[in-house]
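Asker: Any chance you could fold what I've pasted below:
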Amino acid sequence: MLPRHLTAALAVLLAATVVTSCGGGDDDASASAEATPERTTSPPAPAAAPTPDVPLGELTDGEAILARTRAATEAVTSAHLDLRTGVAGMPDASTLSLYVSQDGSCVAHFTNTGDRVVEVLRTQLEVWARMDAGSWSQTGGPPELAGKWLHGAPNGQLEPLTELCRTEPYPPLDAWSPEGAPVTVTPPPTEGGPVEVSWDLSQDGMEAHVTLLVAGDGTDLPLEAGIDLETPTGTMEMAMEWDGFDRPVEVTPPAPGTVVDVDGMGGDFGQLPLPGGGLVP
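Answerer: Numbers count the residues shown, from 1 in each chain. As a prediction, this is how the structure comes out:
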């Protein structure tokens, strides 16, 4: 039946692969950062966040820098996240390009090994989603739906697909925050340059190293991040980049001839327990 085919295919697309090495930032900036001495701070006692007029590059308290960054991300209305996930030494990779806005708009594009794709478009009232035709044909689903955009209400049959749009856009500030671990601060190589903070932590018996680059231009917003997680199968590497802060997220509905209204299919379509929320730990 269709629910089994679609559920299995999407589960493979979104949950099966975490692989390949991740991209980094500007080489010159990285080299300058490596030449700058690091300083490590112990977990600070609870205290008020420093005043915003203190330049970020002058702070030595890693937790205070993270507090400033959290406040900055909470104040923006929209953002774009590029995420690449892989295992060191393995050729496959998964990527996620995610545009999200506080008004509910979302554009998500997920790839697995480069040829398997899930796309989601969402507004406050509608959602469209599709997977690549090649993967769809392997599921045994109705051939007439291959390559089609599935359309419905955000709280209708396609609600599980919107899990991609609910992916946490700032993992280092959420699931991978220091949780009391010492935070190392690398001062900016130049005045007003980006500040690097890093820390080590354990999750489910596995060790992780997290690095976050924060803008030192007064915005306090995240620029890039990397998470290296030691797993039984190898080092999982996640690389993140952010931009598009406070820019409108434009959702362009697909052409009518490419769309199938799944809510109108009723119980024949079924629910989709898509594990998209697990894409970013």
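Asker: contacts, neighbours, all on C-alpha from now
Answerer: Fine.
Asker: Spatially, which residue comes closest to the residue nearest in space to the middle of the chain, not counting chain neighbours?
Answerer: Nearest to the mean C-alpha position of the chain, by CA atoms, centre = their mean, lies P169 at 4.7 Å. Leaving out its chain neighbours, the residue that sits closest to P169 by CA to CA, 6 or more residues apart in numbering is L81, at 6.3 Å.
Asker: which residues of the stretch 51-200 of the chain fall in helices?
Answerer: 62-75, 133-139 (DSSP state H, counting those that start in this stretch).
Asker: Return the most buried member of those.
Answerer: The highest mean neighbour count among these, using mean count of other CA atoms under 10 Å, belongs to helix 62-75: a mean of 18.
Asker: avg pLDDT for it?
Answerer: Averaged across helix 62-75, pLDDT comes to 95.
Asker: CA atoms only for it - export them in PDB, please.
Answerer: C-alpha atoms of helix 62-75 as PDB (Å, rounded to 0.1, in the frame of the first residue of the first chain):
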ATOM      1  CA  GLY A  62      32.800  31.500  26.600                       C
ATOM      2  CA  GLU A  63      29.400  31.000  28.200                       C
ATOM      3  CA  ALA A  64      28.800  34.800  28.000                       C
ATOM      4  CA  ILE A  65      29.600  34.700  24.300                       C
ATOM      5  CA  LEU A  66      27.200  31.900  23.800                       C
ATOM      6  CA  ALA A  67      24.500  33.800  25.800                       C
ATOM      7  CA  ARG A  68      25.000  36.800  23.500                       C
ATOM      8  CA  THR A  69      24.700  34.500  20.400                       C
ATOM      9  CA  ARG A  70      21.500  32.900  21.700                       C
ATOM     10  CA  ALA A  71      20.000  36.200  22.300                       C
ATOM     11  CA  ALA A  72      20.900  37.400  18.800                       C
ATOM     12  CA  THR A  73      19.400  34.300  17.100                       C
ATOM     13  CA  GLU A  74      16.200  34.700  19.100                       C
ATOM     14  CA  ALA A  75      15.800  38.200  17.900                       C
END
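Asker: pretty sure V251 contacts G104?
Answerer: No - with contact defined as CA atoms under 8 Å, V251 and G104 do not form a contacting pair (10.5 Å).
Asker: Give me the common contacts of the two.
Answerer: 122-123 (CA atoms under 8 Å, 6 or more residues apart in numbering).
Asker: circling back: any idea which of the helices of the stretch 51-200 of the chain gets closest to A181?
Answerer: A181 lies closest, by CA to CA, to one member of those: helix 62-75, at 9.6 Å.
Asker: Which elements pack onto the closest one?
Answerer: strand 183-186 (3 or more CA pairs under 8 Å, 6 or more residues apart in numbering; DSSP states H and E).
Asker: I'd like the average pLDDT over the strand it packs on.
Answerer: Computed over strand 183-186, the mean pLDDT rounds to 96.
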